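Engineer: Build me a model from this:
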Amino acid sequence: MTKVKKMSRGRLIAVGVLVVSALIIVGLTIRFVRHRMAYAVTDAVFVRTDSLVNVGFNRVNGRLRKLAGKAGDPVAKGEVLAAIDDTIYRLAVAQLEASLKAVRIERQAKVLTLERMTREIELNEKIAASQVLELTQKKDALNARIAGVEVEIEQLDRDNERYKKLLRSKSVSSVKSEDFTTRLRARRIAKQALQKQTAALDAGIVSARRQVDLAQVAGIRLKEVEKSIAGLDVKLQKLEISLSKARDDLAQCVIKSPLSGRIARRYVSPGALVSPQKVIFTLVDPEDLYLIVLLEEQKLKGVMPGAPAHISIDAYPDDGYAGVVESVLPASAATFALAPRDISAGEFTKVSQRIPVRIRITKGDKQRLRVGMGGAVEIKRQAEKKSGKQDRS
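Structural biologist: Residues are numbered from 1 along each chain as shown. Model (predicted):
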């Protein structure tokens, strides 16, 4: 009897254990199912960045005289990463600066010459024009005097003829007749003197007008000087452009970090010869890191921008990272594969496609993350908005 009771008690305990185990399993199963219904879970998680920056010498080449940092080292924005021997470029800048200075001095001398010549020509032209005017006025005055003398000569000539007739009739003395003859001769001599003065003034006027013409002709020299200055201006412009490029080339002999981050890779060794466009460093900005999640298409329900995500990074499983969905990309990961599936022959096996989901990291130390790291993510599903459109009967 005691033995039967012991067996019954053992069965009851065993049954109780089985029932409790079953309840625990059922509870865990319900919890797992409810969790999977509330969260989209995957371990196809990769750390990515859009800020992998390749830096190198854009237009210059030479031997490296400085190379700072190696892969993994932190860099600050503006920090010198590499520099080449810039002797040739410094000499080019110095030569262009000297040429530019010489041309500027030459141009200044031409400008001063132009100003001096302009003043001289204007002054000479004014003086010559003034002389022409003065001589012309003197000539006009002489012509007026000649006209007056001619009137006197005409009057004396008539009086002389009249006195000659009177002398023949012995009405006047010979002395009076000779006086008129002498006065007539003197006026004619005076007229000849005035005419000679007029001729001299004509010659002076011609000479003064030639001076005016010469002053005007000298204006052609002004145009030549102006043309020479314009040529120097073009030369200055070309030299300034060349100097600006040479200075830019000199500045290009030093590479500075365009961002604060880390060196992802270094491609050359100290003392190496480098050429334009050759990549020296690849830099990464830790603050620009994000996650790409390859989520199975069956798990996309409720995954939309703004959905929160719990992130676990394989390298730091105890660190708490969190994020938020930025976007669900519009094409599957296989769409851009190097060798996409060919189903044109009719052979088709159903394969679950993975859709890339971009997640922005909102919590956690991004400085510890490295591009390419993996992990797992749980994305909180969001209630999908129902369409407001209704079918009309």
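
Engineer: What is the burial count for the residue nearest to P356 when sequence neighbours are not counted?
Structural biologist: Computed as C-beta to C-beta, 6 or more residues apart in numbering, the closest residue to P356 that is not its neighbour in sequence is L329, at 4.2 Å. The way it works is simple: take the backbone N, C-alpha and C, and place the C-beta from them, glycine included. By other C-beta atoms under 10 Å, the residues close to L329 number 13.

Engineer: so M117 makes contact with G219?
Structural biologist: No. Contact criterion C-beta atoms under 8 Å: M117 and G219 do not qualify, at 9.1 Å.

Engineer: one step back: for the residue nearest to P356, which residues are in contact?
Structural biologist: 355-358 (C-beta atoms under 8 Å, 6 or more residues apart in numbering).

Engineer: likewise R247?
Structural biologist: R247 makes contacts with V93, as judged by C-beta under 8 Å, 6+ apart.

Engineer: Okay, and it sits in which element?
Structural biologist: Secondary structure from DSSP states H and E places R247 in helix 174-251.

Engineer: where does that helix sit relative to the chain's centre, distance-wise?
Structural biologist: Centroid separation for helix 174-251 versus its chain: 51 Å, with C-alpha atoms, centre = their mean, to the nearest Å.

Engineer: which secondary structure elements does the helix or strand just after it contact?
Structural biologist: Using DSSP H and E, the helix or strand that follows helix 174-251 towards the C-terminus is strand 254-256. Strand 254-256 is packed against strand 80-84, with contacts defined by 3 or more C-beta pairs under 8 Å, 6 or more residues apart in numbering; DSSP states H and E.

Engineer: Now the strand it packs on: buried residues?
Structural biologist: Buried residues in strand 80-84, defined by neighbour count with 16 or more other C-beta atoms under 10 Å: 81-84.

Engineer: of the residues you listed, closest to D365?
Structural biologist: Of all the buried residues of strand 80-84, D365 sits closest to L81, with 24.9 Å by C-beta to C-beta.

Engineer: and the gap between the nearest residue to that closest one once chain neighbours are set aside and D50?
Structural biologist: Closest residue in space to L81, ignoring its immediate chain neighbours: I255 at 4.7 Å, by C-beta to C-beta, 6+ apart. Look at I255 and D50: by C-beta to C-beta, to the nearest Å, they are 21 Å apart.

Engineer: Which one of the two is surrounded by more residues?
Structural biologist: Shown here are I255 and D50; by other C-beta under 10 Å, I255 has more neighbours (23 against 9).

Engineer: starting at the chain centroid, how far to the longest helix seen in the chain?
Structural biologist: Ranked by residue count and defined by DSSP state H, the top helix of the chain is helix 87-168. Between the centre of helix 87-168 and the centre of its chain there are 54 Å (C-alpha atoms, centre = their mean).
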